[in-house]
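Visitor: need coordinates for the following:
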Amino acid sequence: MASKYLKASEFGPFIQAGIKDFGENRDDAFLEKYNALKGEAITWHFIGTLQTKKVKKIINNIDVLHTLDRIKLADEIEKRREEPLDCFIQVNISEEPQKHGLALEAVEAFYHQIKQYDNIHVIGLMGMASDTNDQKVIKKQFERLRHLKEQLGLNYLSMGMSQDYEVALQEGATHIRLGRILLEETNGKENS
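Guide: Residues are numbered from 1 along each chain as shown. This next block holds a predicted model:
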């Protein structure tokens, strides 16, 4: 679950419902929730852009990083991580300049380069589709990422959010980032 909209005190019902994987996208918010929920059996995913200078603050507290997209970041993780970290390579499948991630054609070389790192374990690819209602555009972008994952022999695909997760699942997503839609469901049930 993408938990950026939750306070630490609001995790309880989701944990009781069986959700154990939570994704945070800001290092300070992550640390606050991580420290408040230390006793819980949570798998922490970092799903936001991770600045190199912030790596040392969080890297040994997260279980999965979804946004590995540059060598400088990989070098810092390699230096600071105490054991291998499961990582997704972030790919800019929408080819939008404001989005982070590697260009599709740069992924293979990057992957082979970081395979040499002891503290980075690449498990899959992550991508965010264009913010559009055109299902064909979204499907094509997710499809490209799936083909690349298969070409590289990786197991997992992190793609799909509240507005496009159904298309992502059709294209083989193994990890989806749902936040808003789950909160709407919860709030709707509380109000009825």
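
Visitor: longest helix anywhere in the protein?
Guide: Across the chain, the longest stretch assigned as helix under DSSP state H is helix 135-152.

Visitor: help me confirm that L102 comes into contact with F88.
Guide: No - using Cβ atoms under 8 Å, L102 is not in contact with F88; the gap is 11.4 Å. In this view, the C-beta of every residue, glycine as well, is placed from N, C-alpha and C.

Visitor: ok so, going back, any residues touching the longest helix of the chain, and which ones?
Guide: Here helix 135-152 makes contact (Cβ atoms under 8 Å, 6 or more residues apart in numbering) with 91, 93-94, 104, 107-108, 111, 124-125, 127, 129-130, 132, 156-157, 159-160, 164, 167-168, 170-173.

Visitor: and D134, how close does it get to Q163?
Guide: Applying Cβ to Cβ, to the nearest Å, the value for D134 to Q163 is 12 Å.

Visitor: can I take it that H45 is in a strand?
Guide: Yes - assignment of H45 by DSSP: H, G, I helix; E, B strand; the rest coil places it within a strand.

Visitor: and L183, what is it in contact with?
Guide: Contacts of L183 (Cβ under 8 Å, 6+ apart): 5-6.

Visitor: count of residues packed around the closest residue to F142 other than its chain neighbours?
Guide: Among residues not flanking F142 along the chain, E171 sits closest, at 3.9 Å (Cβ to Cβ, 6 or more residues apart in numbering). E171: 21 surrounding residues under other Cβ atoms under 10 Å.

Visitor: and for E32?
Guide: 14.

Visitor: and it, what does it touch?
Guide: A8.

Visitor: list the buried ones in the strand or helix carrying it?
Guide: Using DSSP states H and E, E32 maps to helix 27-36. Buried positions in helix 27-36, judged by neighbour count with 16 or more other Cβ atoms under 10 Å: 27, 29-30, 33-34.

Visitor: closest one of those residues to E78?
Guide: Among the buried residues of helix 27-36, D27 lies closest to E78 (Cβ to Cβ), at 18.5 Å.

Visitor: out of the helices and strands in this protein, which is least certain?
Guide: helix 180-191 (a mean of 62; mean pLDDT, DSSP states H and E).

Visitor: same list, the buried residues of helix 27-36, but as CSV with pLDDT and distance to I181 please.
Guide: CSV is the format used below for the buried residues of helix 27-36 (pLDDT from 0 to 100; distance: Cβ to Cβ, whole Å):
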residue, pLDDT, distance to I181
D27, 96, 25
A29, 96, 20
F30, 97, 21
K33, 97, 20
Y34, 97, 24
